[in-house]
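Asker: Requesting a structural model of the entry that follows:
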Amino acid sequence: MARVFKRKDRLSAMSEINITSLLDLVFCLLIIFMITTPLLEQTIPVNLPPQSRNPAADRNPKLKYVSVTISKDGQYYYEKNPVTLDELRIDLKALAAQSDPPVVSIRGDDSVPYGAVAKVYMLLQETGLTKLSYDTQVQ
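Answerer: A predicted model of the protein is given here:
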């Protein structure tokens, strides 16, 4: 039995909407946003040292990370906020007081003296935070 695709009344309004092109557009936008969202990470621009670890050892997505950044001019940042060493000590003590403290990610510019990074490491020891990572350039 053959199907007939002719409408009985050509002048009546069509009650169905063809959404195929709309779905194509939505999927295209979804793919664009999935690709561009990771690139929108807003961080303090620093020239990280060369890669010194195994590239296969990526961050664990189950863990929470907090960043401490040391910029080229020696300014300390907790997340994106500029802080002094005393303010950083207070913030790190608050982190250590949590039941499950996050991993502290140290991001130091390549031109910063090692002593500036060592001060952050000493603050971590002082506050009892033992989970830390050093960010390096991705190659």
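Asker: Need the contact partners of the helix or strand containing residue 33.
Answerer: Element membership of residue 33, judged by DSSP states H and E, is helix 20-36. By CB atoms under 8 Å, 6 or more residues apart in numbering, no surrounding residue is in contact with helix 20-36. Every C-beta, even on glycine, is put in place using the N, C-alpha and C of the backbone.
Asker: any idea of the mean pLDDT in that helix?
Answerer: Mean pLDDT, helix 20-36: 88.
Asker: Counting by contacts, list what the helix or strand that comes right after that helix packs against.
Answerer: From helix 20-36 onward toward the C-terminus, using DSSP H and E, the following helix or strand is strand 65-70. On a contact count with 3 or more CB pairs under 8 Å, 6 or more residues apart in numbering; DSSP states H and E, strand 65-70 meets strand 76-78, strand 103-108, helix 114-127.
Asker: mind checking pLDDT for residue 118?
Answerer: 88.
Asker: dump the residue contacts of it.
Answerer: Per CB under 8 Å, 6+ apart, neighbours of residue 118: none.
Asker: any idea how far it lies from residue 29?
Answerer: Noted for residue 118: a distance of 47 Å to residue 29, by CB to CB, to the nearest Å.
Asker: got it, and residue 16?
Answerer: 24 Å.
Asker: Same question for residue 67.
Answerer: Distance from residue 67 to residue 29, by CB to CB: 30 Å.
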